[in-house]
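A.B. asks: coords please:
(one chain, ligands or ions: 2)
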Amino acid sequence: MEHNTYKLVIKGTVQGVGFRPFIFKLAKDFNLSGYVLNSGSGVEVVINCKKDCIDIFTEKIEQNKPPLSKIDSISVNQIDKQNFTNFTIKNSTNKSDLVANIPPDISICKECEAELFDPNNRRYLYPFITCTNCGVRYSIIYNLPYDRKNTSMKFFKMCKACKEEFTNPLNRRYHAQPIGCFECGPKLELYDNLGKILLNSTIKDIVELILQGNILAIKGVGGYHLICDATNKEAIDRLRERKRRPSKPFAVMVKDITTAKNIAHINKKEEELLSSKERPIVICKLKDNTLLAKQNISPNISKIGLFLPYTPLHILILNELNRPIVATSANLSDEPIATNFKTISKLSSIYDYLLDHNREIVNGCDDSVLMVVKDRVMTIRRARGYTPCEIELPFNLNTPTLALGANQKSTIAIGFANKAILSPHIGDLNSISSIEYYKKNIDNLTRIYNFKPKLVAFDLHPNYESTHYAKTLLAKSNSLKSKRVQHHFAHILGVMAEYKIDSKVLGVAFDGTGLGDDGKLWGGEFLECSYSGYKRVAHFKYFKLLGGERAIKEPRRVALSLLFEIYGKEAIGLDNSCVKSFTKKELNNLYKMWKKGLNAPLSSSVGRLFDAVASIVNICQIMSFEGESGMLLEELYSKEINKIYPYTIKNREIDILPMVKEIIKEPKKEVAVTAFFNTLVDIIATIYKDYNLPLILSGGVFQNKVLVELILNKLPNAILPKNLPPNDGGIALGEIVSLYQLQRDLL
Ligand SMILES: [Zn+2]
Ligand SMILES: [Zn+2]
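C.D. replies: Ligands and ions are numbered 1, 2, ... in the order given. Below you'll find the predicted structure:
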């Protein structure tokens, strides 16, 4: 039969994900000869076949590609005729320029799970069972190319049986770098909190410890969790006390989707996410009357983060335990997640036992957190399962850029050609160890991708740790260029990049605070944006944050400031819970502070307005965790109430004091809170109606599910970040794509 020779080049996430053996098998099925190899541009296939056959072959590649792969493009070209006797997998052409595209850490696959519970399988109950289609990747990589010798699996010498699987192209463990077994792979180690090893411990022993009410630290994929029985009130309270975390909700891991549905209201989209190969934490609405110690897990808040077990170890434990566990990142507040024996040992006063193992975590990575709003997925924390995936940009970057992000919920990004890679969630840069962890993330990402920045992009704020770091980089190099990007502009740019929008947009950036280019603390901004600059077309009228930083933790200080704006000193005599939460002396001092503007920076932050409302209706005077006031306000929302409060827009300034006056007078909390939500939506809709541009919403305030739902009811075409967090975790991507130094507001 007459044949031609074709060359296929497949680009995308196609290396280290079982692509070559997949092609090998496919070629065997088609009875074709030729070869496949990893090349600098992706995977290359040279194959002999008939013209009509090559189309079907290419179609099959797209249809049946390995689960962890992502195809960006397949090119097919006829080349000079060659002859082959069979089909082979060839060695990589040039290792040094392999396309750097690391697959993220993925949950255990169905085949491995079946083997895990098959008594006849040699990996029966092996807590680290894995294959080409599942398991750890990013968290174990030191360097590219992704070969075992460049991962923390290099310390485990494969036994004969594993080696055979690893080298057989028809085996589903062919070139699966992290494989091992009881004989040759990683092993569990159980310690007490004094660091004494408890020999011969089984999963049954571990489960017994949990049932007894103990708190365990367990090493997972990108770090340790602290876990306890989620039905045991005393254990949860003890965890709260030891972790110094009085009320922030804990995430809960459940055995399977059925258990998840018994605990929470879960729609189809949420079910898909919970069961996806990424297995993120999904924020769900709790049901009443479940076995969960609900009030201890999530005091006064009806939503919690749920997730399913994603490693064989978690599955073994949850299966044996048969009840949900609280599973929270092992850290103290403001500290990064513990990733090794040394850092976890510092938390020995929190846990009673430590379930460790001897596979090193090279790159720390928290659990990802997602939520579903009106069938749209929103990312709250982008980490395990999702990073470090490439984000394709709408244009080519002229200069390799390192973006350093913001100070809270920090992430960093590197950008080159038409690609950006965003680091996993790093955390708030409020402690020495979190800054160390931040630098480590920069080192890891730049090392793995062999990336050398020519430009560093960072925030306008002079006191962000990211800014300090940028300055040290700039001091070390004469050739490194710099670019400072306004915080809220970056929020909107990130979303533009995510959706590859290249027209002008109206961006609405509502968040806590970020430095504006007038030196004020912005956070309620309407920006007409393109990649090259922005114009601030409207913003919330400035108010004073009494005590600066302290006002961020104390909603009552923001509320009081607004009361001073309305009533002057008279406010001190008001019969309101905000006022009553202060002593007379404090009130007098705060009034002086307000009057003179001492330590009272001006802000337009909508995040702070949420705080003020929470204080006035007396549900939160001092916050115990960031975002608490917004979460509590959500609980009071009622869709039966349609009220909207008055406000004015003059000279681009939105004045909400008329609304605040109404809120003070309103006896019913539900009415005040619901009308506040409705008013915010009305403000956005009113300003937007003069624009014939795409509407983009970003900033931490848009993590509020009630607010986003209401906006989408009214403005169904509004664009929200999907794979990028709306909070400061999305800033780094925005910094990457800002083209020029910011333009001054034309105001
Ligand atoms: Zn597997
Ligand atoms: Zn083995």
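A.B. asks: and the chain, which of its residues are near ligand 2?
C.D. replies: Residues of the chain found near ligand 2 (Cβ under 5 Å from the ion) are Cys159, Cys162, Cys181, Glu183, Cys184. (Glycine included, C-beta is placed from N, CA and C.)
A.B. asks: quick one: which of these has the most company?
C.D. replies: Cys162 (21 neighbours; other Cβ atoms under 10 Å).
A.B. asks: so where does it fall, helix or strand?
C.D. replies: Secondary structure assignment for Cys162, by DSSP states H and E: helix 160-167.
A.B. asks: ok, and the closest non-adjacent residue to Leu563?
C.D. replies: Take Leu563 and drop its neighbours on the chain: the residue closest to it by Cβ to Cβ, 6 or more residues apart in numbering is Ala571, 3.9 Å away.
A.B. asks: look at that neighbour and give its secondary structure.
C.D. replies: Here Ala571 is helix, with the state taken from DSSP: H, G, I helix; E, B strand; the rest coil.
A.B. asks: quick check: Thr513 vs Asp459, distance?
C.D. replies: 12 Å (Cβ to Cβ, to the nearest Å).
A.B. asks: my error: substitute Asn322 in the last question.
C.D. replies: For Asn322 relative to Asp459 (Cβ to Cβ), the value is 48 Å.
A.B. asks: likewise for Leu545?
C.D. replies: From Leu545 to Asp459 the distance is 19 Å (Cβ to Cβ).
A.B. asks: over to Arg550?
C.D. replies: Going from Arg550 to Asp459 by Cβ to Cβ gives 22 Å.
A.B. asks: more neighbours: these two, which one.
C.D. replies: Using other Cβ under 10 Å as the criterion, Arg550 and Asp459 rank with Asp459 on top: 26 against 12.
A.B. asks: okay, and the beta partners of that one?
C.D. replies: Following DSSP bridges, Asp459 is listed with bridge partners Val485.
A.B. asks: I'd say it and His491 touch.
C.D. replies: No - counting by Cβ atoms under 8 Å, His491 is not a contact partner of Asp459; they are 11.1 Å apart.
A.B. asks: give me the common contacts of these two.
C.D. replies: Gly514, Ile731 (Cβ atoms under 8 Å, 6 or more residues apart in numbering).
A.B. asks: domains of the chain?
C.D. replies: Listed domain ranges for the chain are 4-89, 103-186, 188-357, 388-490+729-746, 543-718 (source: automatic domain parsing).
A.B. asks: tell me which of those domains sits nearest to Val508.
C.D. replies: Across the domains of the chain, Val508 has its closest neighbour in domain 543-718 (4.9 Å, Cβ to Cβ).
A.B. asks: for ligand 1, give me its nearest residue in the stretch 401-550 of the chain.
C.D. replies: Among all residues of the stretch 401-550 of the chain, Pro424 sits closest to ligand 1, at 22.2 Å; criterion: Cβ to the ion.
A.B. asks: phi, psi of that residue?
C.D. replies: Torsion angles at Pro424 (phi, psi; degrees, to the nearest 10) stand at phi -70, psi 170.
A.B. asks: residues in contact with it?
C.D. replies: 222, 363-366, 382-384, 386-388, 411, 441.
A.B. asks: make it 6 Å
C.D. replies: Cys365, Ala383, Thr387 (Cβ atoms under 6 Å, 6 or more residues apart in numbering).
A.B. asks: for burial, what's the neighbour tally of the residue nearest to Gly18 when sequence neighbours are not counted?
C.D. replies: The shortest distance from Gly18 to any non-neighbouring residue, by Cβ to Cβ, 6+ apart, is to Thr132 (3.5 Å). Thr132 has 26 neighbours, counted by other Cβ under 10 Å.
A.B. asks: how about the helix holding Cys162 and ligand 1, touching?
C.D. replies: No - with Cβ under 5 Å from the ion as the criterion, ligand 1 is not reached by helix 160-167; the gap is at least 11.8 Å.
A.B. asks: ok, residues contacting that helix?
C.D. replies: Asn171, Arg173, Ile179, Cys181, Cys184.
A.B. asks: run a quick neighbour tally on the third one.
C.D. replies: A total of 26 residues lie near Ile179 under the criterion other Cβ under 10 Å.
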